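Student: Attaching a predicted model along with its sequence, questions to come.
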Amino acid sequence: MTLEVTDFSARYGRIEVCRGIGFTVAPGEFLVVLGANGAGKSTLLGALAGLVTSTGEITLDGTRLDAAPARRRAGMGVALVPEGRRNLFAPLTVDENLQLGLRLLPAGEREAMRAELLGLFPILAERGRQAAGMLSGGEQQMLALAVALARRPAVLLLDEPTQGLAPIVLDELAAAIRRLRPLGLALVLAEQNVRFAAGLADRYVALRGGEIVQAGGADELRDHRFAAASLLGAAA
Amino acid sequence: MTFSEFILRGVLAGSIYVLLAVPMSLLFSTVRTIDFAVGAYALVAAAVAASVGGVLGIAAGLGAAVAGSAAMALIFLLLKRFGCHNHIIYALASFGVATALASAVLWQYGTQSFVRDSFSQFWSLAGIRISPQGVLNLVTALVAVTILYVVIQRSQLGRMMRAAAVNVMGSELAGIPVELIQVGTYLVGGLLGGIAGLLILFTAGLDYSAPLSLTLSGFAAAIVFGIDNPFRALFGGLAMGVAEALAAGYTSGMVTSMVPFLFLLIVLGTSRFGDATVAGDRT
Amino acid sequence: MNKTTCKSWRRAAAVGATLGALALPLAAAAADAPVKIGTVLSLSGPAAVFGLPERDAINVVAKKLGFKSPGGRPFELVLHDDKSNPTEAARAVTQVINNDKVVVVVGPSTGSGILAAGPIASRLKVPLIAPAGTMAVGDRKNEFWPWVFRMAINDATSIEFILKDMAKSKAKKVGVLYQEDAYGKTGVDLAKEIAPKLGLEVVETVSAPYSATDLTAQATRLRNAGVDTVFLQVSIAALGTSFLKAARQIGLDKPIYANAGLAQRSFAENVGPEADGLRTLSIGNLPFEPIAEEKELSDLLKADGKVPQGWGEIVGANGLLAALAAIDAQAGKEITGESMRTALEGLCGFRSYARGKICYSPDNHDGWDGSSLTIVEIRDKKMRTLD
């Protein structure tokens, strides 16, 4: 399904954090949202998932999502893996987290989906009875992805998955995300780590002060000078 | 003989505390707050059941208790709607509900004590006379705790309840109906409080002034071994019953009345009750 | 609660803190102006079981009299709830004296409330007519003793009355269950003190908090002590029912007596067959077998849609009648708190709704002796007066 965002703004109370945002993400396409700290990336993704007050249009293959609360958007095909893997339930086991993720699927499809997820993230099969909070950062990120994917979303919103992870884990995480491409979902990845993003993106938009200041193809991200400028919030 | 008799009587008496403690444990596990109106639900159930009488009275009593908890749940939802997300405020609001319910009972039924007869025959267990009502109380407590344990630990509903307790945002993202679960937990608390009230009605009786002390006893029993698990509430309630019976049997009565406070002191002095102790516990 | 009270409540909130207890009493009723009588009673909280009947009786008697004393002097009632709380009782008494200018107060309902309000009444020179049996209320060592007039039977007289009835049987060994408060503790101490004089011995005492839901352990302890009879020094009906059920369960099959706290219609009617045979002390038997004077009060209550509950109405109504008798003793004079105190000390044998005679004097502020007391036995959900 195609995600289309038009004239979209998000606010915390009276403070407008993002404004005038517009982009489209096709099925199977990976869009990276770049920006420095405070640029509005997390707010944008939170608003798309229904956690933050917003105005403007969000459609999924023409169906309006913007009036629905977060819980209903989850059922309509939007999945968010928030910053810090906060979609996980730390005291619950890995299996229990997965079961909660699978509950929006029809009962008959759950077992197959579970097997598919354990195929995508094999480490989770070994950790089934362990509390999610006891996993390593990388393993938690795999579980957070698996929980979000468990309901077969059409759109996956991934907020700074590299945050807090050791550099050695990043390649493994990038490989795991790449393995999602055949699933045909529209992926929006918010990142500060341009190098990590460059290895995954089809296109990018750069945010500064809550507005899109630049957009382009993945090739531009592989230019190191551009990448540095983007991280400093100077992409223009 | 005397010692074992006090132990047995304590266990039977403690089963009432179990039924008051379990809803507190359940609500804390789900909403991270305390419903201090549990004792008032017990009073309302007993008062209505005593005045209506018969099986219909029991149903009406339980209905009234659940209605009382529905009022608390409504206040909880209104507070949330008005932007109050403070668990202390929810707990304080429940004090208000408890006072209102006790006042309603005083207004409707006066200062009479509510008591009904159940069994006129008694059983002898190794020479100790016990009432079948006491055994019924214990069995009810055990069944209630077992059902809740299975639901919480083994069912999808239980997983959703635990998830909603530790991570509201994550629950919303997972499509879990958080508010519905929270309201449902308040209602289950009303039902269990009501059951406790009916058992007290047939065991010893109570009057309009009972709610606060019942709530305090239930709270002490709920937290003494850790409030997160209804099985611990079971042991907490029974332990408190036994401690009270032994204190009444062997010490000055003043010690008996201090038992709930001693339990609270032990917990507050030694544990981290109320801390967000679990990694990732972001509500 | 009447309008006067609501207004005064708000006024007190505004000015009470500054005037407080230091303000001198300015109350003085001119010869033709209505005299203000304060009633500070427990209308909520655990003592409401007594405070509500006291209030009902005061109201029906005042209405019957058309808010005029038997001598024709108009009066007003100012009602406050002490919430069964001594602090609240002291605050309410301060308020009715300072703000509402009452010249006498009926209440507070509880012994602890009276003890808290006594020093205030003394300082502001307004007498309290105290409907409680607590011994300490009538202790002459209290600085405020001159200002407190008891409208109840003191605990020593009551307990002696009960123990005398016990001693008529062959009982020797007495077990006591008492509630954990000053009322309970004083009662058990008095029982220990009085029993030997009557050939009895208190061999075991157990206590229970208000909140106890199960008293089988306490009953077991009394049974194991081999008592011949049990005395319940409790005023909380739920404790009484709980103990009676426990006693039956554990096989404590001995005569049980209770102090007047359980002599209530609601207790007799709500308790089960385990209460049959329970003997309780009472001031009269208003709900079930009233004598002529009591019947008049009972009829007044019924005509007003009230159901007579017990002795609460008797002490309440007679508290008001004592105040009115003191007012009538000052016909044509300006009435102040001090003049009320003097008049009360001269009252004896005024018209009352009770079987005993009420007499105060400069040396006796207890008023009632044991002649108004009776032992009633609960049977078939009724209180039967024993000869």
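Tutor: Yep, that arrived. Numbering: from 1, shown residues only, chains lettered A, B, ... in the order given.
Student: As a check, name the ranges of all strands in chain B.
Tutor: B:123-125, B:128-130 (DSSP state E).
Student: Please tabulate these in TSV, including the columns mean neighbour count and distance to chain C.
Tutor: C-beta: built from backbone N, CA, C; applies to glycine. Output for the strands of chain B, formatted as TSV (neighbours: other CB atoms under 10 Å in any protein chain shown; distance: least, CB to the nearest CB, whole Å):
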stretch	mean neighbour count	distance to chain C
strand B:123-125	11	10
strand B:128-130	19	5
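Student: Let's have the ones you listed in JSON lines, adding mean pLDDT and distance to chain A.
Tutor: Converted to JSON lines, the strands of chain B look like this (pLDDT from 0 to 100; distance: least, CB to the nearest CB, whole Å):
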{"stretch": "strand B:123-125", "mean pLDDT": "84", "distance to chain A": "41"}
{"stretch": "strand B:128-130", "mean pLDDT": "85", "distance to chain A": "40"}
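Student: pLDDT below threshold where in chain A?
Tutor: A:224-236 (pLDDT under 70).
Student: Pick out the residue in the stretch 101-250 of chain B sitting closest to chain A.
Tutor: residue B:175 (3.7 Å; CB to the nearest CB).
Student: list the contacts for that residue?
Tutor: A:71-72, A:74-75, A:103-104, A:151 (CB atoms under 8 Å, 6 or more residues apart in numbering or on different chains).
Student: switch to 6 Å and redo it
Tutor: A:71, A:74-75, A:104 (CB atoms under 6 Å, 6 or more residues apart in numbering or on different chains).
Student: Show the residue spans covered by the helices in the chain.
Tutor: Going with chain A. A:41-49, A:70-76, A:94-102, A:107-120, A:123-126, A:137-149, A:167-178, A:194-198, A:218-221, A:224-231 (DSSP state H).
Student: My question was about chain B, not that one.
Tutor: B:2-31, B:38-52, B:54-81, B:87-109, B:132-154, B:156-166, B:168-173, B:178-203, B:211-223, B:230-250, B:253-270.
Student: Check which helices and strands the third one is in contact with.
Tutor: So that's helix B:54-81. helix B:38-52, helix B:87-109, helix B:178-203 (3 or more CB pairs under 6 Å, 6 or more residues apart in numbering or on different chains; DSSP states H and E).
Student: Make a markdown table out of the ones you listed and add mean pLDDT and distance to chain C.
Tutor: Output for these, formatted as a markdown table (pLDDT from 0 to 100; distance: least, CB to the nearest CB, whole Å):
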| stretch | mean pLDDT | distance to chain C |
| --- | --- | --- |
| helix B:38-52 | 96 | 7 |
| helix B:87-109 | 91 | 7 |
| helix B:178-203 | 94 | 5 |
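Student: closest one to residue B:129 among the ones you listed?
Tutor: Closest approach to residue B:129 among these is made by helix B:178-203 (14.7 Å; CB to CB).
Student: How about the closest one and chain A, touching?
Tutor: No - using CB under 6 Å from any CB of the partner chain, we find that helix B:178-203 stays clear of chain A, coming within 7.5 Å at best.
Student: Which residue, neighbours along the chain excluded, lies closest to the residue of the stretch 101-250 of chain B at minimum distance from chain C?
Tutor: At 2.7 Å from chain C, residue B:213 is the closest residue in the stretch 101-250 of chain B, using CB to the nearest CB. Closest residue in space to residue B:213, ignoring its immediate chain neighbours: residue C:211 at 2.7 Å, by CB to CB, 6 or more residues apart in numbering or on different chains.
Student: give me the number of residues near the one you found?
Tutor: 22 (other CB atoms under 10 Å in any protein chain shown).
Student: Burial check on the nearest residue to residue C:346 once chain neighbours are set aside, number of neighbours?
Tutor: Nearest residue to residue C:346, sequence neighbours excluded (CB to CB, 6+ apart): residue C:329, at 6.3 Å. Counted with other CB under 10 Å, residues neighbouring residue C:329 total 18.
Student: what's residue C:329 sitting at in phi/psi?
Tutor: Dihedral pair for residue C:329: phi -70, psi -10, per degrees, to the nearest 10.
Student: re earlier: adding distance to residue C:345, write the strands of chain B out as JSON lines.
Tutor: Shown next, in JSON lines, are the strands of chain B (distance: least, CB to CB, whole Å):
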{"stretch": "strand B:123-125", "distance to residue C:345": "61"}
{"stretch": "strand B:128-130", "distance to residue C:345": "56"}
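Student: Would you map out the domains in chain A?
Tutor: A:3-77+A:153-231, A:86-145 (automatic domain parsing).
Student: among those, which is nearest residue C:274?
Tutor: domain A:86-145 (48.8 Å).
Student: so where is chain C shaky, pLDDT-wise?
Tutor: In chain C, residues with pLDDT under 70: C:1-32, C:387.
Student: can you list the domains in it?
Tutor: C:3-153+C:292-369, C:155-283+C:373-385.
Student: all strands for chain C, in order.
Tutor: Going by DSSP E, chain C shows strands at C:35-41, C:75-81, C:104-106, C:128-130, C:148-150, C:173-179, C:201-208, C:229-233, C:256-258, C:279-283, C:373-379, C:382-385.
Student: and the fourth one, which strands flank it?
Tutor: The one in question is strand C:128-130. If you go by DSSP bridges, strand C:128-130 pairs up with strand C:104-106 (parallel), strand C:148-150 (parallel).
Student: can you redo those as a markdown table with mean neighbour count?
Tutor: Shown next, in a markdown table, are the strands paired with strand C:128-130 (neighbours: other CB atoms under 10 Å in any protein chain shown):
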| stretch | mean neighbour count |
| --- | --- |
| strand C:104-106 | 32 |
| strand C:148-150 | 25 |
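Student: show me what contacts the nearest residue to residue B:172 once chain neighbours are set aside?
Tutor: Counting by CB to CB, 6+ apart, residue A:70 is the residue found nearest to residue B:172 once chain neighbours are left out, at 4.3 Å. By CB under 6 Å, 6+ apart, residue A:70 lies in contact with A:49-51, B:172.
Student: Relative to chain C, which of the residues you listed is nearest.
Tutor: residue B:172 (40.7 Å).
Student: ok, back up a step: so which of the strands of chain B is nearest residue B:97?
Tutor: Taking the strands of chain B one by one with CB to CB, strand B:128-130 is closest: 35.3 Å.
Student: Nearest to chain C: which residue in chain A?
Tutor: For chain A, CB to the nearest CB, closest residue to chain C: residue A:91, 34.3 Å.
Student: That residue: neighbour count?
Tutor: For residue A:91, using other CB under 10 Å, the count is 21.
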